[in-house]
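Colleague: Below are the sequence and a predicted model; questions follow.
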Amino acid sequence: MLEFLTYSDVPDSVKDVVDVIGMDAFKDLVKLAGGSLLYIPNESNLVKPIRNRMIREEFRGSYKDISLKYGISEIQVRNILNK
């Protein structure tokens with residue numbers, strides 16, 4: 001029956017999800033996680049490991065340059081590099 005689902009059948013509370021991911025992906029999401037509570041991490045949680053990897057790759061000895069480039073403290077740069 002899900003194959004017959006149309007946009008007008010979708011509850012208003014999740015139409016914004018359909019608008020972003022499309023109807024086919026929404027149907028797949030319903031099949032995968034329908035009826036369950038689904039945690040979707042926020043953007044900063046997803047990109048922080050990428051940022052940290054880039055810092056480790058780009059570091060050439062200047063904590064100040066990296067801290068300015070990424071808008072974080074020099075102490076935070078040190079912590080990232082020491083992990």
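Modeller: Thanks, I have the structure now. Given the structure is predicted, the values throughout are model-derived calculations rather than measurements.
Colleague: What ranges does this protein have for its helices?
Modeller: For the chain, the helices defined by DSSP state H cover 15-21, 23-33, 43-58, 63-70, 74-81.
Colleague: For Phe4, find the nearest of these.
Modeller: Smallest distance to Phe4 across those (Cβ to Cβ): 10.3 Å, for helix 23-33. Heads up, the C-betas are built off the backbone N, CA and C, glycines and all.
Colleague: which outside residues touch the closest one?
Modeller: For helix 23-33, contacts defined as Cβ atoms under 8 Å, 6 or more residues apart in numbering pick out Leu2, Glu3, Leu5, Thr6, Tyr7, Val10, Val14, Val17, Val18, Ile21.
Colleague: Buried ones from those residues, can you make that a ChimeraX selection?
Modeller: Restricted to buried positions by 16 or more other Cβ atoms under 10 Å, the ChimeraX selection for the contacts of helix 23-33 reads:
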select :10,18
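Colleague: on that earlier part again, format the helices of the chain as a markdown table; extra columns: mean pLDDT.
Modeller: Putting those into a markdown table (pLDDT from 0 to 100) gives the following:
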| stretch | mean pLDDT |
| --- | --- |
| helix 15-21 | 97 |
| helix 23-33 | 97 |
| helix 43-58 | 96 |
| helix 63-70 | 97 |
| helix 74-81 | 98 |
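Colleague: What is the neighbour count of Phe59?
Modeller: 14 (other Cβ atoms under 10 Å).
Colleague: That one contacts Tyr70, doesn't it?
Modeller: No - between Phe59 and Tyr70 there is no contact under Cβ atoms under 8 Å: 10.8 Å.
Colleague: Now the common contact residues for those two.
Modeller: Val77.
Colleague: Against the centre of this structure, work out the most remote residue.
Modeller: Met1 (31.2 Å; Cα atoms, centre = their mean).
Colleague: what separates it from Asp9, distance-wise?
Modeller: Distance, Met1 to Asp9, using Cβ to Cβ, to the nearest Å: 10 Å.
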